[in-house]
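*Asks:* I'd like to go over a predicted model; first the sequence, then the structure.
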Amino acid sequence: MSAICGTLLKSFLIVHHTKKRRKKLCVSLHYATMKNSISLYKPLTKVYDSSMSTIPFESMVLSKQHLVSFSITFLLCFNLVNSQILGPILSPILPPILSPLVPDLLNFLDQRLAIVFPIIQAFKNTITSDPLGITLTWVGPNICNYKGFYCDNPPDNLSATTVASIDFNGFQLTAPSLDDFIDQLPDIALFHANSNNFSGTISPKIASLKYLYELDLSNNLLSGTFPTSILNMPTLSFLDIRYNLFTGTVPQQIFIQTLSAIFLNNNNFLQTLPNNIGETTASYLTFANNKFTGSIPSTIGKASSTLLEVLLLNNQLTGCLPYEIGFLKNLQLFDAGNNLLTGPLPFSLGCLKKVEQLNFARNMLYGQVPEVVCALGNLENLTLSYNYFNRVGPLCRKLIKSGVLDVKKNCIFDLPDQRPMEECVKFFAVPRTCIGSGSFTVIPCQIPTWAKPRGGNKRRLLSYTALERKRVVL
């Protein structure tokens, strides 16, 4: 087979269309269909490239009894090469029975690459739109040179070469599903696919990927419920499924996974925030722009050693802010704007010595803006607009003047741009209380120096970049 197919194709391509010799050619098609043919030709194992030397066609010895087999072999090889060169235009010519043989027709750097080759080609055939021409590079055995594919040595065999990472960020590919693609790449460690048009659900088979530790499927058209299969992936540390069409609930088990980042914003999750949220090891929680309801669990304070950024804005959260937020000693960003929260600001927020951004705008908070919060030295932005605060002290007034504190549309009548008095009177006419209201003035830490200077280099807040549809977080 190898002698017939390889020699035929080589001679044919030399005589015709030599400009298309850019990819490696088949060497053993006839081998699978005709047992005796192997004895007619010297086995051809060389991989051909643009420097192909000629092999005289007349050197091939064919008996009359094999003329029919020769013709069939020539046509099959011709169709195969055309399908590799011209892609899906001619691929239907190949009989389905031949598809398992494709890896045997090419020379791969490693057997692991040969295994994933038909998987990649099958996925390629499902892509219905490729405006950037990405898949034009997905031809031939050099998978490590395909655009978006990256190879490395797998942990279980450092001498092997395999597909270790896929980065489709911004490729704008359209496909009805990722099933039978990502879950069939056994050595994949990173899969990033921000800003494509992938539909369908996430296959439960993804749990079989023993090395996957970063999964970014953000800004696609994926749907269904939360992919619970990831709960069975102990290696996963980064999960980004924002800007999709997921619905239902987020399982409590997600907070006991060893994840460093959980980006779920801009989906359609509908539920109360799980009570075990404080058990998370994640540094970043972005639940913004969903339909989370109920109060912020007081258990959130248990994540004091890990949480850096929390985004809860644009949900339907109710109740009072828990005093325990003040326990988050490493917190740098907390945004719960545009919810239905009520009650005063806990004085415990004054313990957030590293916080840079606090946003509680567009809620129903009231009372005094705590001076201890305005004294936070790293605070760059404190947004309390569209609430019902009615008092601010001298430190907070300094922040208003400097633009750090925004209190417009409140009930502080000696300041400009406040709510109408009638609106404030109506609000305060309704009795409002919070459970454990005595804790709101407790400060569970040593107060920092009031005159602590602001300024200096601030770190980039990753969670806010997650609110931008096409931005890649990492």
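*Replies:* Happy to help now that I have it. Numbering: from 1, shown residues only.

*Asks:* buried ones in stretch 251-265?
*Replies:* Under the neighbour-count criterion of 16 or more other Cβ atoms under 10 Å, stretch 251-265 has 251, 254-255, 257, 259-265 buried. Backbone N, C-alpha and C define where each C-beta goes, glycine included.

*Asks:* check stretch 306-316 too.
*Replies:* Neighbour-count burial for stretch 306-316 [16+ other Cβ under 10 Å]: 306-315.

*Asks:* stretch 403-411 now?
*Replies:* Buried, per 16+ other Cβ under 10 Å, within stretch 403-411: 404-411.

*Asks:* and which of the buried residues of stretch 306-316 is nearest to residue 159?
*Replies:* residue 306 (37.6 Å; Cβ to Cβ).

*Asks:* would you point out the most distant pair within the buried residues of stretch 306-316?
*Replies:* Pairwise distances across those peak at 23.9 Å for 306 and 314 (criterion: Cβ to Cβ).

*Asks:* before we move on, back to that, from the buried residues of stretch 306-316, which land in strands?
*Replies:* If you go by DSSP state E, the buried residues of stretch 306-316 have 309-311 in strands.

*Asks:* specify which member of those is nearest to residue 377.
*Replies:* residue 309 (18.6 Å).

*Asks:* what's across from that closest one in the sheet?
*Replies:* In this structure, residue 309 bridges to residue 284, residue 333 when assessed by DSSP bridges.

*Asks:* let me know the pLDDT of it.
*Replies:* Per-residue confidence (pLDDT) for residue 309: 97.

*Asks:* in contact with it: list those residues for me.
*Replies:* 283-286, 331-334, 461-463 (Cβ atoms under 8 Å, 6 or more residues apart in numbering).

*Asks:* related to what we said a few turns ago, and the buried residues of stretch 403-411 as TSV, adding pLDDT, distance to residue 291 and secondary structure?
*Replies:* Listed next are the buried residues of stretch 403-411 as TSV, based on pLDDT from 0 to 100; distance: Cβ to Cβ, whole Å; DSSP: H, G, I helix; E, B strand; the rest coil:
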residue	pLDDT	distance to residue 291	secondary structure
404	98	31	coil
405	98	30	strand
406	98	26	strand
407	98	28	coil
408	98	27	coil
409	98	25	coil
410	98	27	coil
411	98	29	coil
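
*Asks:* could I get the buried residues of stretch 251-265 as CSV with pLDDT?
*Replies:* Below are those laid out as CSV (pLDDT from 0 to 100):
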residue, pLDDT
251, 96
254, 96
255, 96
257, 95
259, 96
260, 96
261, 97
262, 97
263, 97
264, 97
265, 97
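
*Asks:* among those, name the ones in helices.
*Replies:* Within the buried residues of stretch 251-265, no residue falls in helices by DSSP state H.

*Asks:* just put these in JSON lines and tack on distance to residue 319.
*Replies:* JSON lines is the format used below for these (distance: Cβ to Cβ, whole Å):
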{"residue": "251", "distance to residue 319": "22"}
{"residue": "254", "distance to residue 319": "22"}
{"residue": "255", "distance to residue 319": "19"}
{"residue": "257", "distance to residue 319": "26"}
{"residue": "259", "distance to residue 319": "26"}
{"residue": "260", "distance to residue 319": "28"}
{"residue": "261", "distance to residue 319": "26"}
{"residue": "262", "distance to residue 319": "22"}
{"residue": "263", "distance to residue 319": "25"}
{"residue": "264", "distance to residue 319": "21"}
{"residue": "265", "distance to residue 319": "21"}
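
*Asks:* nearest to residue 243, of those?
*Replies:* residue 265 (7.5 Å).

*Asks:* which residues does the residue lying closest to the closest one once chain neighbours are set aside contact?
*Replies:* Spatial nearest neighbour of residue 265, chain neighbours left out: residue 288 (4.1 Å); criterion: Cβ to Cβ, 6 or more residues apart in numbering. Going by Cβ under 8 Å, 6+ apart, residue 288 touches 265-266, 311-315, 335, 466-467.

*Asks:* and residue 294, how many residues sit next to it?
*Replies:* 15 (other Cβ atoms under 10 Å).

*Asks:* and of the ones in strands among the buried residues of stretch 306-316, the nearest to residue 367?
*Replies:* Checking those against residue 367 with Cβ to Cβ, the nearest one is residue 310 at 22.3 Å.

*Asks:* mind listing what the residue nearest to residue 253 when sequence neighbours are not counted touches?
*Replies:* Of all residues not flanking residue 253 in the chain, residue 231 sits nearest, at 4.9 Å (Cβ to Cβ, 6+ apart). By Cβ under 8 Å, 6+ apart, residue 231 lies in contact with 251, 253-254, 257.

*Asks:* list the buried ones in stretch 266-273?
*Replies:* 266-267, 269, 273.

*Asks:* an error on my part: the question was meant for stretch 127-144.
*Replies:* In stretch 127-144, counting by 16+ other Cβ under 10 Å, buried: 127, 130, 134-135, 138-144.

*Asks:* measure it end to end?
*Replies:* Length of stretch 127-144, first residue to last, Cα to Cα, to the nearest Å: 20 Å.

*Asks:* give me the contacts around it.
*Replies:* 22-24, 84-85, 87, 106-109, 113-114, 116-117, 120-121, 124, 145-151, 161, 163, 168, 171-176, 197.

*Asks:* pull out the buried residues from these.
*Replies:* Buried positions within the contacts of stretch 127-144, assessed by neighbour count (16+ other Cβ under 10 Å), are 23-24, 84-85, 87, 106-108, 113-114, 116-117, 120-121, 124, 146, 148-149, 151, 161, 163, 168, 171, 173-175, 197.
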